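[1] Output the structure for:
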Amino acid sequence: MKIALVAQHATPVPANPGEPGDDPRLRELSRSLASKGHHVTVYAQRHSTTAPDKAELEPGVHVEYIGPADKHAAGDESNLLAQVPAFSGPLHERWRQQRPDVVHALRWTSGLAALAAVRDLRIPVVQSFDSLGVAERRHRITPGSVGTERIRLEPAIGRTVNAVVAGSSDEESDLTRLGVPRRSIKVVPCGVDTDEFTPEGPVANRNGRPRLVTVTDLAEHDALATLLHALSKVPGVELVVAGGPPRAKLARDIAYRRLAKVAESLDVSGRVLFAGQVGRGALPPLLRSADLVVSVSEYEPSGMVSVQAMACGTPVIASAVGGQVDAVVDGTTGILVPPGRPALLAHRIRQLLAHPMLLEAFSVAAADRARSRYSWDRIAHETLAVYDTALDITAITAA
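    Just a heads-up that it's a prediction; the model follows:
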């Protein structure tokens, strides 16, 4: 099968060799699809004058950059939207000459571009949103950043494409409320590299205390404040907070300074380590070093940190939101708690740390669930099944 992955937002091939691209999910999905014998081409907007016209991302995965360089478009939805006509026109010409069997658009502006590019070509389009604008508004993620165009166009895209891949059952529910037919939606979560995130491997240094680890954006002040309040009710336990700028630059970060004041006011500063930005290679050892990984995000579309922790054999206590509801089997691989409940969160942490045998059982179950449900091999199989369904629908409508 010839698969076109449209990722207008991405820079799949980094400017400096050896660095990862800016969308790990894109890289892993394309690699997994190619490993099954399919021909995969990633189409991305050219964001730099140094980007090549074509490149190889992985064996069997090729990247084509389209359009004149626009460094302002990268990561900015309004600029990406403005560039859609200049992006979709060349796509249409390429696909008219070298037709893919299926197009998979990642994020909403890529969906607009893909739908414009397949006009009159009868090529099925599959859409992944990753995160919906209505959900981000509901949870007040970066207030004001979700434009009215996105709110208006995401439902239209979902109703127009042949199939929609939702990352969680929560996203599926949002899509149906937006008028996308349930029969068009398939829940396929983001995968995890089960060779990298595994119970076996190096473990970050510990100091003898029971350890909690959270991996988050420091801008999630309310969620992290909830965790710090919970920590104040769990004596003798340390918390490692991974996220934000590199550790050497933390002192200049406003979000860090606000959280440090909260920790000081709760008299837990001596038990909290702000580790700053943690590279991908250092993340599995850190997760393995934890007795519990705590994810208190108030909005978590993929639940990826929870899945990575589970893959490392570390039980999880997570807010019952978004993709975490699907990922964490409550009472089996970890515990789900309502967001914003520090006393309950502290109670659950104390319960688990007081029962090492239960933690061990959770650890085994967590690693097994991550391998069986979230391996990229399974995610590729499920994604290919969506492609086959979209192809069948297109064939029926064309008959």
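[2] List the buried residues in the longest helix along the chain.
    The residue-count maximum for a helix in the chain (DSSP state H) belongs to helix 376-398. Neighbour-count burial for helix 376-398 flags Trp376, Arg378, Ile379, Ala380, Thr383, Leu384, Val386, Tyr387, Thr389, Ala390, Leu391, Thr394 (criterion: 16 or more other C-beta atoms under 10 Å). Any C-beta I mention is one placed from the backbone N, CA and C, and that applies to glycine too.
[3] For the stretch 1-150 of the chain, give me the ranges with low pLDDT.
    Residue ranges of the stretch 1-150 of the chain with pLDDT under 70: 14-21, 69-75, 142-145.
[4] ranges for the strands of it?
    Ranges of strands in the stretch 1-150 of the chain, per DSSP state E, counting those that start in this stretch, are 2-6, 39-45, 54-58, 61-66, 102-106, 125-128.
[5] tell me what the shortest one is packed against?
    Which is strand 125-128. Packing contacts for strand 125-128, counted by 3 or more C-beta pairs under 8 Å, 6 or more residues apart in numbering; DSSP states H and E, involve strand 102-106, helix 108-117, helix 148-160, strand 163-166, helix 376-398.
[6] In JSON lines: those, plus distance to Asp174.
    Below are these laid out as JSON lines (distance: least, C-beta to C-beta, whole Å):
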{"stretch": "strand 102-106", "distance to Asp174": "18"}
{"stretch": "helix 108-117", "distance to Asp174": "13"}
{"stretch": "helix 148-160", "distance to Asp174": "10"}
{"stretch": "strand 163-166", "distance to Asp174": "8"}
{"stretch": "helix 376-398", "distance to Asp174": "18"}
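[7] nearest to Leu33, of those?
    helix 376-398 (5.4 Å; C-beta to C-beta).
[8] Give me the residues contacting the closest one.
    1, 3, 28-29, 31-33, 35-36, 38, 101-102, 104, 122-126, 162-163, 165, 186, 188-194, 372 (C-beta atoms under 8 Å, 6 or more residues apart in numbering).
[9] what angle separates it from strand 2-6?
    Orientation check (axes from the mean of the first three to the mean of the last three C-alpha atoms, to 10 degrees): helix 376-398 against strand 2-6 gives 100 degrees.
[10] how far does stretch 5-12 sit from the chain's center?
    Taking the mean of its C-alpha atoms, stretch 5-12 sits 15 Å from the chain's own mean (C-alpha atoms, centre = their mean, to the nearest Å).
[11] Span of it from start to end?
    With C-alpha to C-alpha, to the nearest Å as the measure, stretch 5-12 spans 11 Å from end to end.
[12] Now do the buried residues in it.
    Buried, per 16+ other C-beta under 10 Å, within stretch 5-12: Leu5, Val6, Ala7, Gln8, His9, Ala10, Thr11, Pro12.
[13] got it, and stretch 333-340?
    Neighbour-count burial for stretch 333-340, counted by 16+ other C-beta under 10 Å, picks out Thr333, Gly334, Ile335, Leu336, Val337, Pro339.
[14] of the residues you listed, closest to Gly67?
    Of all the buried residues of stretch 333-340, Gly67 sits closest to Pro339, with 40.8 Å by C-beta to C-beta.
[15] Phi first, then psi, for the nearest residue to the closest one once chain neighbours are set aside.
    Spatial nearest neighbour of Pro339, chain neighbours left out: Ser319 (4.2 Å); criterion: C-beta to C-beta, 6 or more residues apart in numbering. Main-chain dihedrals, Ser319, degrees, to the nearest 10: phi -60, psi 140.
[16] and what of Ser295?
    Main-chain torsions, Ser295, degrees, to the nearest 10: phi -120, psi 110.
[17] Please name the bridge partners of it.
    Beta bridges link Ser295 to Ala318, judged by DSSP bridges.
[18] from what I can see it touches Val316, true?
    Yes - judged on C-beta atoms under 8 Å, Ser295 makes contact with Val316 at a distance of 6.4 Å.
[19] how is the protein carved up into domains?
    Here the domain parsing of the chain from automatic domain parsing is 2-191+376-398, 211-374.
[20] mind checking the end-to-end distance for the last one?
    The separation between the terminal residues of domain 211-374, taken as C-alpha to C-alpha, is 25 Å.
[21] Pull the distance from that domain to the chain's centre.
    Relative to its chain's centre, domain 211-374 lies at 17 Å (C-alpha atoms, centre = their mean).
[22] Start at 369, not 1
    Right, with 369 as the first residue, what we last looked at is domain 579-742.
[23] Look at the residue nearest in space to the middle of the chain and give its secondary structure.
    For the chain, Ser670 is the residue whose C-alpha lies nearest the centre (C-alpha atoms, centre = their mean; 5.0 Å). Following DSSP: H, G, I helix; E, B strand; the rest coil, we place Ser670 in the coil state.
[24] circling back: write a ChimeraX command that selects only the buried members of the contacts of helix 744-766.
    The buried subset of those, as determined by 16+ other C-beta under 10 Å, is captured in ChimeraX by this line:
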select :371,396,397,399,400,401,403,406,469,470,472,491,492,493,494,530,531,533,554,556,557,558,559,560,561,562
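[25] So which of the contacts of helix 744-766 belong to helices?
    If you go by DSSP H, these have Glu396, Leu397, Arg399, Ser400, Leu401, Ser403, Ser740 in helices.
[26] so Gln719 is in which element?
    Using DSSP states H and E, Gln719 sits within helix 710-721.
[27] Show me what counts as buried in that helix.
    Neighbour-count burial for helix 710-721 flags Pro710, Leu713, Ala714, Arg716, Ile717, Leu720, Leu721 (criterion: 16+ other C-beta under 10 Å).
[28] picking that back up, tabulate the strands of the stretch 369-518 of the chain in a markdown table, adding columns for distance to Ala729.
    Converted to a markdown table, the strands of the stretch 369-518 of the chain look like this (distance: least, C-beta to C-beta, whole Å):
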| stretch | distance to Ala729 |
| --- | --- |
| strand 370-374 | 39 |
| strand 407-413 | 40 |
| strand 422-426 | 37 |
| strand 429-434 | 39 |
| strand 470-474 | 37 |
| strand 493-496 | 34 |
